[in-house]
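Visitor: Sequence and predicted structure below; questions after.
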Amino acid sequence: MTDTTLTPLTADAVAAMFTRADGQFLFARWGRPIVPVVFGVEDATVRVLKGAIEAVVALAGHKMAETDPELGANLMIFFIRDWEELTATPNLDRLIPGLPEVVARLDAADANQYRAFRFEEGGAIKAAFVFVRMDAAMAQAPAETIALSQIVQTIVLWSDTAFLGASPLAVLQPDGPAILKPQIADLIRAAYDPVLPPHATDPAHALRLTARLPRLQ
């Protein structure tokens, strides 16, 4: 069971969530309605995934749409068995620059997930491509947990180190589906405050996010 104690996030903790391994602070949220499409799973799993997406988008106070006028779909989620499948997928190299090198790196790291983003001219998220390799660990996880984990890690541009030490989800019962940790839910809500810009590179943005988090009495 994962601890879900409501410990408020400090400004330093919030800043760390958006500070990349190279020391760069980089925050971005979606600037357009999210239009998801899912590949490689059965219809029942597609419904689970889209349900999780709808729930997190609603949590953020953002919007979804039936189609993106420029891209058709702007959140593409692929479930695969082997990273080599990506190089065999037609036109995928147009979406993921340097695809062979990316595949080689993921294969060498024995990774089971990968996310790539595209951005608007102003820096907001324009599109995201999510790849989940169904290794033994993923195969044992409930579909609801996988779905929630992927959309939580896609709804904003987190640091590449944000969740290395701790998952954004909490498991209340062994082998049961996970829930979103309340602190992360609060941070997602704060990230989509319409007063805040959709993109920021100044670490002071973390202070603005922290100021919008609820304070425990």
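Guide: On my side now, so go ahead.
Visitor: Skip the chain neighbours and tell me the closest residue to W158.
Guide: M17 (5.9 Å; CB to CB, 6 or more residues apart in numbering). Every residue, glycine included, has its C-beta placed from N, CA and C.
Visitor: tell me, how many neighbours does the one you found end up with?
Guide: Applying other CB atoms under 10 Å, we find 20 residues neighbouring M17.
Visitor: just A170 next, same as before
Guide: 17.
Visitor: Verify the stated contact: it with I184.
Guide: No. A170 lies out of contact with I184 (CB atoms under 8 Å); the separation is 9.3 Å.
Visitor: which residues in the protein form strands?
Guide: Under the criterion DSSP state E, strands of the chain are mapped to 27-28, 36-39, 75-80, 113-119, 125-133, 169-171, 178-180, 199-200.
Visitor: Show me what the longest helix along the chain is in contact with.
Guide: If you go by DSSP state H, the chain has its longest helix at helix 43-60. Residues from elsewhere that reach helix 43-60 (CB atoms under 8 Å, 6 or more residues apart in numbering): 29, 34, 36, 38, 41, 63-64, 75, 77, 79, 143-144, 147-148, 150-152, 155, 180, 185, 188-189, 191-192.
Visitor: and what of stretch 19-31?
Guide: Here stretch 19-31 makes contact (CB under 8 Å, 6+ apart) with 15, 18, 60, 62, 117, 119-120, 122-126, 155-157, 159-161, 191-192, 198-203, 205-206, 209.
Visitor: okay, it in PDB with CA atoms only?
Guide: What follows is stretch 19-31, C-alpha atoms only, in PDB (Å, rounded to 0.1, in the frame of the first residue of the first chain):
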ATOM      1  CA  THR A  19      13.400  21.000 -13.400                       C
ATOM      2  CA  ARG A  20      15.000  18.700 -15.900                       C
ATOM      3  CA  ALA A  21      18.200  16.600 -15.300                       C
ATOM      4  CA  ASP A  22      20.200  19.300 -17.100                       C
ATOM      5  CA  GLY A  23      19.000  21.900 -14.600                       C
ATOM      6  CA  GLN A  24      16.600  23.600 -17.000                       C
ATOM      7  CA  PHE A  25      13.200  24.600 -15.600                       C
ATOM      8  CA  LEU A  26      10.500  23.900 -18.200                       C
ATOM      9  CA  PHE A  27       6.800  24.000 -17.600                       C
ATOM     10  CA  ALA A  28       4.100  23.400 -20.300                       C
ATOM     11  CA  ARG A  29       0.400  22.400 -20.300                       C
ATOM     12  CA  TRP A  30      -1.900  21.700 -23.200                       C
ATOM     13  CA  GLY A  31      -2.900  24.700 -25.200                       C
END
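Visitor: list the buried ones in it?
Guide: Neighbour-count burial for stretch 19-31 flags 19, 25-31 (criterion: 16 or more other CB atoms under 10 Å).
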